[in-house]
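> structure for this input, please:
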Amino acid sequence: MPYDVDDVGHEVLAAWRRTQSAAVRSAYANAHGRTEKQLRDLLKARFAAGPNQPCAVDAWILHCATREGIKLYNQRPHGKMVFGGRKNLERRRKGLISAGDWRALRQRPLLSLGDKSVSGNRHFRLSPDARACTVRIYGTVVTLHLPEMRGKRGFLLRAVAALAAAGEINVEFRLGDKTLSVVFDPADLRRLPAGISLQQDDARLAAKGHKARGRPRGESYKLQPFRWADVRRPVHPEWGPAIAALPGRVLAFDLNPEWIGLAVVESCGDLRCLTATTVLDHRLVRLDLPHKAPREVVVETLAKVAGLAVRLCEAHGVGLVAIRHRTPGSTCCHP
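Residues are numbered from 1 along each chain as shown. The predicted model follows:
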């Protein structure tokens with residue numbers, strides 16, 4: 001989202017971005033053969049500054065730079081990534097852009113990873129109405145003025161602000177030259193059982209065999225208590241009510257190169273007996289996608305299929321989904 005800030009605040013943000021961007025580039029260049037701790041210590045030796053120095057960054061900003069550099073190195077381990085773009089580098093060599101323009105192109109957004117133990121983030125704070133965001137590093141504070149967000153986006157921002165202030169969720173912020181990105185996990189806004197906190201529900205699901213969320217905790221770690229006894233906990237607007245599953249009903253997916261088939265079936269007896277199985281509803285979705293379709297088009301198409309599947313489950317009380325995949329050129333289905 002866009003933001004407004006005064007001239008002094010803009011200069012401070014630019015200085016923070018320059019320092020962290022240099023740290024990210026240094027982390028990427030020195031990631032080979034080093035552990036995360038060794039790389040973080042290297043960045044601290046190069047870029048750490050005291051709180052009394054103007055526009056200094058703290059250890060958490062350098063920790064985020066370390067993580068970002070490692071992520072970029074894992075994406076391109078050959079070490080030849082050009083920050084700012086190779087085409088822009090060639091334009092700089094030809095004198096088509098100035099040195100200042102090239103430095104601006106190499107700047108990365110100011111990254112602060114989420115930390116729910118410190119109100120969701122160590123440096124960024126959203127106001128309850130999501131109309132302002134304060135950035136604090138050491139004693140320097142910059143206030144960002146945000147536009148009024150309405151509809152689902154406005155609801156999500158206010159919900160994230162409330163849950164972060166309660167210390168329930170991690171919220172990641174990326175601050176660019178003109179825009180602010182707020183990153184959170186949609187599952188953090190799921191509907192929870194009555195009287196259960198998010199961490200308690202995560203532990204409950206992990207005990208049932210679901211993939212654990214967050215970093216591993218020691219045996220002495222205490223789950224956070226339930227905080228929403230007097231206030232209704234925000235829930236994602238797309239998180240529908242629980243489906244009352246009826247026994248014997250299944251939604252079957254049949255994945256083919258050009259089609260996706262969906263069928264709701266009900267078995268009244270032996271699952272292996274076709275005569276005891278009835279097709280209640282079915283749909284066919286044609287994947288009319290061009291060759292090498294953009295990722296956004298593919299995601300939008302699959303999202304429509306997922307929405308159709310959810311509506312079928314809600315309409316027929318289905319609590320089980322089965323998928324069968326048909327490989328190109330074959331006549332048999334593989335579960």
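> for the residue nearest to G85 when sequence neighbours are not counted, report the pLDDT, please.
For G85, ignoring the flanking residues on the chain, the nearest one in space by Cβ to Cβ, 6 or more residues apart in numbering is L105 at 6.6 Å. All C-beta spots, glycine's among them, are computed from the backbone N, C-alpha and C. Per-residue confidence (pLDDT) for L105: 89.
> contacts for the helix or strand hosting L105?
Using DSSP states H and E, L105 falls within helix 99-106. Contacts with helix 99-106, where a contact means Cβ atoms under 8 Å, 6 or more residues apart in numbering, come from S21, R25, F83, G84, G85, N88, L89, R92, I97, D177.
> doesn't the last one fall inside a strand?
To tie it back to what came earlier, the one meant is D177. No - per DSSP: H, G, I helix; E, B strand; the rest coil, D177 lies outside any strand segment and is coil.
> skipping adjacent residues, who's closest to it in space?
Leaving aside its sequence neighbours, D177 sits nearest to Q107 (Cβ to Cβ, 6+ apart; 7.4 Å).
> just the buried members of the contacts of helix 99-106?
S21, R25, F83, G84, N88, L89, R92, I97 (16 or more other Cβ atoms under 10 Å).
> for those, which one is nearest L126?
S21 (23.9 Å; Cβ to Cβ).
> helix, strand or coil for the closest one?
Once three-state DSSP is applied, S21 turns out helix.
> what helices or strands is the following helix or strand past the helix holding L105 leaning on?
Moving toward the C-terminus from helix 99-106, the next helix or strand (DSSP H and E) is strand 110-112. Using 3 or more Cβ pairs under 8 Å, 6 or more residues apart in numbering; DSSP states H and E, the elements in contact with strand 110-112 are helix 7-29, helix 59-75, strand 172-175.
> can you tell which of those is closest to A132?
helix 7-29 (12.1 Å).
> show me where the stretch 51-200 of the chain has strands.
Using DSSP state E, counting those that start in this stretch, the strands of the stretch 51-200 of the chain run over 110-112, 114-115, 120-121, 124-126, 132-137, 140-145, 172-175, 180-183.
> what is the mean pLDDT for the first one?
Read it as strand 110-112. pLDDT averaged over strand 110-112 gives 94.
> mind listing the strands it pairs with, and their directions?
Applying DSSP bridges to the sheet, strand 110-112 is found paired with strand 172-175 (antiparallel).
> ok, the fifth one next?
Strands flanking strand 132-137 in the sheet, each with its direction: strand 124-126 (antiparallel), strand 140-145 (antiparallel) (DSSP bridges).
> got any ranges where the stretch 101-250 of the chain has weak pLDDT?
Within the stretch 101-250 of the chain, the stretches with pLDDT under 70 are 212-231.
> beyond the one helix or strand D201 maps to, next helix or strand please.
Assigned by DSSP H and E, D201 belongs to helix 198-207. As assigned by DSSP H and E, the chain's next helix or strand after helix 198-207 is strand 249-255.
> check the offset of that following strand from the chain's centre.
29 Å (Cα atoms, centre = their mean, to the nearest Å).
> partner strands of it, parallel or antiparallel?
Partners of strand 249-255 in its sheet, by DSSP bridges: strand 259-267 (antiparallel), strand 321-325 (parallel).
> export that strand as CSV, just CAs?
This file holds the C-alpha atoms of strand 249-255, laid out as CSV (Å, rounded to 0.1, in the frame of the first residue of the first chain):
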residue,chain,number,x,y,z
ARG,A,249,-19.8,-38.8,1.2
VAL,A,250,-16.6,-38.0,-0.7
LEU,A,251,-15.6,-35.3,-3.2
ALA,A,252,-13.5,-36.8,-5.9
PHE,A,253,-11.0,-34.9,-8.1
ASP,A,254,-10.0,-36.3,-11.5
LEU,A,255,-7.0,-34.3,-12.8
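> list the buried residues of it.
For strand 249-255, by 16+ other Cβ under 10 Å, it's R249, V250, L251, A252, D254, L255.
> just stretch 300-315 next, same as before
T301, V305, A309, L312, C313.
> mean confidence for it?
88.
> let me know the outermost residue of the chain.
In the chain, the residue that sits farthest from the middle, by Cα atoms, centre = their mean, is T275; the gap is 45.9 Å.
> list the residues that contact G84.
G84 neighbours (Cβ under 8 Å, 6+ apart): W102, L105, R106.
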